[in-house]
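Asks: task: produce atomic coordinates for the following.
(one chain, ligands or ions: 1)
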Amino acid sequence: TRRVFTAAVGAIALAGTSLGAFAQDKITLRMSTPASDSDQRSISLATVFGPAVEGFATYEPHYNASLVAQGSELEAISAGDLEMSIASAQELATFFPEFSIFATGYVHQDAAHQVKVFNDPLMDPFKKKVEDELGVKLLAVMYLGRRHVNLRFPRSEKNVMTPADLAGVNLRMPGSDAWQFLGKALGANPTPMAFTEVYTALQTGSVDGQDNPLPTVVDAKFYEVTKQISLTSHLVDLNYIAFSKAVWDKLTPDQQAAVQKAAEDAAENGRQAQLKKEEDLVAFLKDKGLEIYEPDLKAFREHVQAQYVGSSFAAAWPEGVLEKINALGN
Ligand code: KDO
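Replies: Okay, here's the model as predicted:
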């Protein structure tokens, strides 16, 4: 009798433990971004990444920089206060200057080139350094799109065909050195400002313009407070899906594989949707009254590239990497 009793109690205890452990073991993955919930990267993470990991993790996105300020996400992950973000190369360059190579104007050629670069062995030492020194894993590359110059002035007042036409233009750029340098390299007068403040700044005229891909101009409603877009394509912009290494190390190999695949699938889903938006939104923006036109791209490319030659940014690029990136392009 005694044995039966013990076994029964044991079974109950075991059931209790495993249930408790199950509930406790489901990790929460807080993701912070300055982007809105309707931004394509947010949508792809919420609809592809979240469901793919829900067996063992709760994906918990925080939008509009409501949890962590723009630019502080990597530090937050490193400190254990955040599990995920969509990090820019410019943010990474504040820790590891060599990342500015991926934030340089006219280096990446298109979305496919970004993927080739990210998956190439040339990225391994970059990824390893971020993992070892910051405790952050870069899982996949997300496509943000081609950044263009978007101004408050009508084209009749400011016709942006070459970098010289941007002289004296107060152009909001995100707030890190790599971004500011790019604004200057474009020929403008860059002003640092957080993404969430840009709409009001454009509305009140405290800046003359901003740069972002067309889907962002639409999502953030910048078209309501601007008049023109010069299609400079100065940066084929990206974000990396950044994941806490401390959390990763607690996952089983199967769970790690699931997280990796979920990140890649979300990035691919987002890339295709964002590319389509870039194509479709020209008509939408024209309909909203914006003038959209192509400048002298050769003039912009040559001017921007010339600014990087001999700069402190270029000095931080490991030997041969730019050549390898170029060789992966067209
Ligand atoms: C921006 O601040 O202009 C920027 O486009 C920079 C990107 O790196 C990215 O962080 C993005 O904002 C936000 O996710 C909002 O879309």
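Asks: in the stretch 1-150 of the chain, where is pLDDT below threshold?
Replies: 1-24 (pLDDT under 70).
Asks: ok, longest helix in this structure?
Replies: helix 253-287 (DSSP state H).
Asks: may I see the buried residues of whichever helix or strand comes after that one?
Replies: Per DSSP states H and E, the first helix or strand lying C-terminal to helix 253-287 is strand 291-293. The neighbour-count check on strand 291-293 (16 or more other CB atoms under 10 Å) flags 291-292 as buried. For glycine as for every other residue, the C-beta is placed from the backbone atoms N, C-alpha and C.
Asks: check stretch 114-133 too.
Replies: 114-118, 122-123, 126, 130.
Asks: now the end-to-end length of it.
Replies: Stretch 114-133 has its terminal residues 24 Å apart, counting by CA to CA, to the nearest Å.
Asks: identify the residues contacting it?
Replies: Under the contact criterion CB atoms under 8 Å, 6 or more residues apart in numbering, stretch 114-133 has outside partners 92, 95-96, 98-99, 102, 108, 136-138, 140-141, 143, 236, 238, 240, 245, 271, 318, 321, 324-325, 328-329.
Asks: write the ChimeraX selection for whichever of these are buried.
Replies: A single ChimeraX command is used to select the members of the contacts of stretch 114-133 judged buried by 16+ other CB under 10 Å:
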select :92,98,99,102,108,136,137,138,140,141,143,236,238,240,245,271,321,325,328
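Asks: among the contacts of stretch 114-133, name the ones in helices.
Replies: Within the contacts of stretch 114-133, residues falling in helices by DSSP H are 92, 95, 245, 271, 321, 324-325.
Asks: so which of the residues you listed is the closest to the ligand?
Replies: residue 92 (10.5 Å; CB to the nearest ligand atom).
Asks: quick check: chain neighbours aside, which residue is closest to that closest one?
Replies: The shortest distance from residue 92 to any non-neighbouring residue, by CB to CB, 6 or more residues apart in numbering, is to residue 99 (3.9 Å).
Asks: test my guess that the one you found contacts residue 88.
Replies: No: between residue 99 and residue 88 there is no contact under CB atoms under 8 Å: 9.0 Å.
Asks: which positions in the stretch 101-250 of the chain make contact with the ligand?
Replies: Proximity of the stretch 101-250 of the chain to the ligand (CB under 6 Å from any ligand atom) is limited to residues 174, 195, 212, 216, 239.
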